[in-house]
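structure here, sequence nowhere to be found:
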C-alpha cells in the first residue's frame, strides 16, 4: 500500500469505519428491509442518523471525503426497488403514456387498464403496484416531471428496473448538482461550505429521494440554481431554473410573492412573467379543455380528502371528535380554510419582512413552508427534505430534528390498513415544536421573525 494511502487511512480510520458501517446499513435498508417491520426500520434509521452526525463532526473540513461517501451511499440503492413507497409505479405508468403521446392528465389508470390493446409494458404489474388510491385519480405530477418519467420509460424500455435505474440516476446527479451550487451559495453568505452535507448525507434525503425515487431532489437542484443566480445579480436568468423547479414540483410557487421586495416592483413583475411563460411552454403540450378541472381535482384531494402525518390538523380533529364532530366533514371544511391561512401567511412574510436581503429571504421561505406543513393534513416524510435544504442556509436547525422524528410516521406502513399511531405522531411534533421554540427564544439567536419596515 502506498505511503500516502496508508497515512490517509490512519488519519481517517474512524470516519472510514463509520462510513463502511453506514454502507452496510444502507444495503440492508435497500435490499432486506420490509416496510411492515417498523422496529427494524426505526432502528436502522436511528443508527444512520447517528452515523451521519458523527461522520460530519469528524470530517467537516474534508469535503471531498463527504462528497464521495455520499455518492457511494446513493449507489447502494442503484438496482433496488423502492420499499417504502409505491409512487414509482405511477411514475413509470405516466412515463409510458407520455412517451406514446397519451395525456396522463386526461386518463385514469382504472379505466385504461380495461383496454385490451393497452400499449403500456407490464401494465397489470404497474396498475397493481400503485395500490388502490392512485389508479382512481388523474395524474397530479407537473409537466417537467412527466417529461422525466417519459425519458425513464423510453430508456428503460419494457423493464421496470431499467426505468428505475434511469430515474435514480437523474436524482443522484441532481443531488450532486445541489451540493456544488449549495457550497457556492454558502460561501456567498460567508457560512461554512460543509453545512450543505447536512442535506447531502441526511438519511431521510438519501432514503426518500434516491431510495424511493421522489423527485424533490430534482426540484431542489433547480431551486438552488435559481437562488445562486439571484445571489450573483442574474435575476432574470434565474427565472429559468426557478420555473423548471415549479414544473417538477409545485411547492416553489409558494415563494413567488416573497420575491416582491427583493427584486422590486418592476423586476419582480418581469420575473413573474418569465416564470409564468416558461411554465406555460411546458404546460401547452398537455393542455386540453378538461385539463384544468382534472388537475385541480387531483390537487384538491391533498387538502380535503387525504390525511397522513398531520400536525395541527390531528389536534383539531381530536378536539372536534370529542364534541361529536364528524372527521369526514371536518377535513373538507379544514381543506377550504387551510389555503386561506397559507395565503395570509405568505402575504404577511411578503410585506412585513425585509426580504430585500437574500439572507432574510431564505429564512422567510423556511417559515412559510414550515407553516404550510404544520397546517397541512398530509405531510409525507419526503416533504421535509425541502425544509432541510432551506435550513442549511439559515440559523435554524429544527428541520434536521424533524427529518429524524418523521420516521415515527412510518408506523402506518406496518399494517395493511395504514392506520397511524397518533401517540407516535404526537411525539414527532412535540419534539419538533419544542426544539423550534428553543431556537426562536434562545438568547443567542433571538431575532424577531417580523421586522418593522
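Now that the structure is in, tell me what you want to look at. From a predicted model like this one, the values you see are computed outputs, not experimental measurements.

switch to C-alpha atoms for all contacts and neighbour counts from now on
Will do.

what stretches of the stretch 351-453 of the chain score poorly on pLDDT?
For the stretch 351-453 of the chain, the stretches flagged by pLDDT under 70 are 443-453.

do a quick rundown of the strands in it.
In the stretch 351-453 of the chain, no segments count as strands under DSSP state E, counting those that start in this stretch.

again with the stretch 1-150 of the chain
Read by DSSP E, counting those that start in this stretch, the stretch 1-150 of the chain holds no strands at all.

would you map the helices across the stretch 301-450 of the chain?
Under the criterion DSSP state H, counting those that start in this stretch, helices of the stretch 301-450 of the chain are mapped to 312-322, 327-351, 358-375, 384-392, 398-405, 422-441.

and residue 5, which of those helices is closest to it?
Nearest to residue 5 among those is helix 384-392; the distance by Cα to Cα comes to 32.5 Å.

tell me what angle that closest one forms with helix 358-375.
Per axes from the mean of the first three to the mean of the last three Cα atoms, to 10 degrees, the angle that helix 384-392 makes with helix 358-375 is 150 degrees.

can you name every helix or strand that helix 384-392 contacts?
Secondary-structure packing of helix 384-392 (3 or more Cα pairs under 8 Å, 6 or more residues apart in numbering; DSSP states H and E): helix 197-200, helix 216-231, helix 358-375, helix 398-405.

using a markdown table, lay out these together with distance to residue 190.
Listed next are those as a markdown table, based on distance: least, Cα to Cα, whole Å:
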| stretch | distance to residue 190 |
| --- | --- |
| helix 197-200 | 16 |
| helix 216-231 | 12 |
| helix 358-375 | 11 |
| helix 398-405 | 21 |
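
so which of those helices is nearest residue 293?
helix 358-375 (23.8 Å).

buried ones in that closest one?
Residues of helix 358-375 classed as buried: 358, 361-370, 372-375 (neighbour count, 16 or more other Cα atoms under 10 Å).

and of the residues you listed, the nearest to residue 387?
Of all the buried residues of helix 358-375, residue 387 sits closest to residue 366, with 6.3 Å by Cα to Cα.

these two touch, right, the closest one and residue 391?
Yes: contact criterion Cα atoms under 8 Å: residue 366 and residue 391 qualify, at 6.8 Å.

so residue 297 sits in a helix?
Yes: the assignment for residue 297 is a helix, going by DSSP: H, G, I helix; E, B strand; the rest coil.

how near is it to residue 378?
Noted for residue 297: a distance of 16 Å to residue 378, by Cα to Cα, to the nearest Å.

and those two? which has more neighbours close in?
Legend: neighbour count by other Cα atoms under 10 Å for residue 297 and residue 378, higher for residue 378 (20 against 14).

for that one, name its beta-bridge partners.
Beta-bridge pairing for residue 378 (DSSP bridges): residue 308.

so it makes contact with residue 309?
Yes: assessed by Cα under 8 Å, residue 378 is found in contact with residue 309 at 6.1 Å.

just to revisit the earlier point, ok, which of the helices of the stretch 301-450 of the chain comes nearest residue 174?
helix 384-392 (13.3 Å).
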